[in-house]
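Asks: Kindly return the folded structure for what I paste below:
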Amino acid sequence: MTFITIREYGCLTTAPVPVPTLDRAQVTPSAFDWLCRFGEQEKDVATLRTRQTLQWKSFVGVLRTPCGLELEILPKTYSEVDDAAACRAHLVRMLSKVLDVTCRETGEADISLLALPLTEWVARQFLRHAHVLVRRGLRFDYQRVEEEEPYLRGQLDVRRQIGQLPHRRHLFHIRYDVFSADRPENRLLRSALDVVVANVRAPENWRLAASLRPLLSAVPPSQNIRADFARWQQDRLMADYAAVRPWCELVLGKYMPRGIADHQRGISLLFSMHELFERYVAQALRNRLMPGARMEIQASGRALCSQEGRAAFILRPDMVIRYGQEAWVLDTKWKRLGQGSGEDGISVQDVHQLYAYGWQWLGGRGDVVLVYPWHAHFPHQPPFLFRPPLSLPNAPALRLLVASFDLSTDSLSCHNTAGDWCPWLHTA
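Replies: Down below sits the predicted model:
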């Protein structure tokens, strides 16, 4: 097993790399060919730059190739300290919040996991939650069994017994119920445990996995993972299973492109950093809304055009926040905003997009906000005022604000802005 760690927009090459870094690493020709085919299948994941160089795009996570390469892709955090452990720590925090999962992290042993690939952290969380569940007791269910036996048990199937052939009348068609742990949730736990056992390296993970294997040995692994997830019950009797389900999904490849998820033999997960940042910011801000403030994520219901009575070019801002009689539109962008003043680094397409949001959602009055990840050299720019349309020279002012979001503190900032620009947010 070979482990390689890069970060967003890093390059993988078959050419020799004397000193591998997070931005460039060498892979075997077989792994390179498989990754190229994967990049052709999933256009947004990677791009072939030269015959020997493949550049990764803005996807993060873990990917395993059939030849045994485990590739870990970490986010660019844009902070002063940008080593693998720091990048991995940011990714762990973001995944925990976005997936709405409970992380059982205490002590130096958990911190040391950040020096290992992301798969070890995922495995640790799954094993700990599964261990708690097994200690509380697995959920059993009655399974109907129909057999032909030389003894009576349960109910006699009279209809089938009447039709029994003469030379088999010494056998009885019987039906009975067995109180069994063979149910979809437990089968998925067993399958996830099998994957973890085959792939973990950390000693503590090995110990936890070894202690769980005998307790789940009577449960068969899942033969159809998607079908069993669809049959996973979420009523109050299954409340103890709620915490472990997200980790089962991570281990069993729910967050992989469908075309390769069924062929993975290890823990593999890929996330778009654009979507991950958007959902992380939304979740962090939602937890700090003032009483009475409401947030709508991926708001819909507005369109730029109509065609034959039907809406066309639907507008979906990342967040629409309403507080009192006012509203704000926020749109996240996972990119490093350049240094300097004025419009440096801000995409014209993004400004056009926010302008459309401002008129469709705010009626051309109020604030629309572009949210970028914070870094030490973030250009704190004053607000931009949109010029009114020629047909409405006296239209109220629509402002474009440029805000930064600090991934270390989950704080939203917009400097060079007079007054309280976000009264809907708890600042403490």
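Asks: right, and the helix or strand after the lowest-mean-pLDDT helix or strand in the chain?
Replies: The least trusted helix or strand in the chain, going by mean pLDDT, DSSP states H and E, turns out to be helix 108-112, with a mean of 45. The helix or strand immediately downstream of helix 108-112 is helix 118-136, counting by DSSP states H and E.
Asks: Can you show me the CA trace of that next one as PDB?
Replies: Taking Å, rounded to 0.1, in the frame of the first residue of the first chain, the C-alpha atoms of helix 118-136 are listed here in PDB:
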ATOM      1  CA  LEU A 118      -7.800  11.100   6.700                       C
ATOM      2  CA  THR A 119      -9.000   7.500   6.500                       C
ATOM      3  CA  GLU A 120      -7.600   6.800  10.000                       C
ATOM      4  CA  TRP A 121      -9.700   9.600  11.400                       C
ATOM      5  CA  VAL A 122     -12.900   8.300   9.700                       C
ATOM      6  CA  ALA A 123     -12.100   4.800  10.800                       C
ATOM      7  CA  ARG A 124     -11.600   6.000  14.400                       C
ATOM      8  CA  GLN A 125     -14.900   7.800  14.500                       C
ATOM      9  CA  PHE A 126     -16.800   4.800  13.000                       C
ATOM     10  CA  LEU A 127     -15.200   2.400  15.500                       C
ATOM     11  CA  ARG A 128     -15.900   4.500  18.500                       C
ATOM     12  CA  HIS A 129     -19.600   5.000  17.600                       C
ATOM     13  CA  ALA A 130     -20.000   1.400  16.700                       C
ATOM     14  CA  HIS A 131     -18.400   0.400  20.000                       C
ATOM     15  CA  VAL A 132     -20.900   2.500  22.000                       C
ATOM     16  CA  LEU A 133     -23.800   1.100  20.000                       C
ATOM     17  CA  VAL A 134     -22.700  -2.500  20.500                       C
ATOM     18  CA  ARG A 135     -22.300  -1.900  24.300                       C
ATOM     19  CA  ARG A 136     -25.900  -0.600  24.400                       C
END
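Asks: any idea which helix or strand comes after it?
Replies: Following helix 118-136 toward the C-terminus (DSSP H and E): strand 141-149.
Asks: which strands and helices sit next to that next one?
Replies: strand 172-180 (3 or more C-beta pairs under 8 Å, 6 or more residues apart in numbering; DSSP states H and E). All C-beta atoms are positioned from the backbone trio N, CA, C, and that covers glycine.
Asks: Show me what the strand it packs on is packed against.
Replies: Using 3+ C-beta pairs under 8 Å, 6+ apart: strand 172-180 touches strand 141-149, strand 155-156, helix 158-162.
Asks: Which among these is found nearest to residue 229?
Replies: Nearest to residue 229 among these is strand 141-149 (16.9 Å), distances taken as C-beta to C-beta.
Asks: now the angle between strand 172-180 and that closest one, please.
Replies: Between strand 141-149 and strand 172-180, the angle comes out at 150 degrees (axes from the mean of the first three to the mean of the last three C-alpha atoms, to 10 degrees).
Asks: Contacts for strand 141-149 next, please.
Replies: With contacts defined as C-beta atoms under 8 Å, 6 or more residues apart in numbering, strand 141-149 is touched by 157, 168, 171-183.
Asks: Give the PyMOL command for selecting the buried subset of the residues you listed.
Replies: Selection of buried members from the contacts of strand 141-149 for PyMOL, criterion 16 or more other C-beta atoms under 10 Å:
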select buried, resi 157+172+173+174+181+183
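Asks: Looking at the contacts of strand 141-149, which is nearest residue 214?
Replies: For the contacts of strand 141-149, the nearest to residue 214 is residue 181 (13.2 Å; C-beta to C-beta).
Asks: On the pLDDT front, check that closest one for me.
Replies: In this model, residue 181 is scored at 86, pLDDT.
Asks: Now it: phi and psi?
Replies: The phi and psi values for residue 181, taken as degrees, to the nearest 10, are phi -90, psi 0.
Asks: Residue 27 is in contact with residue 68, correct?
Replies: No. Applying C-beta atoms under 8 Å, one finds residue 68 not in contact with residue 27, separated by 11.2 Å.
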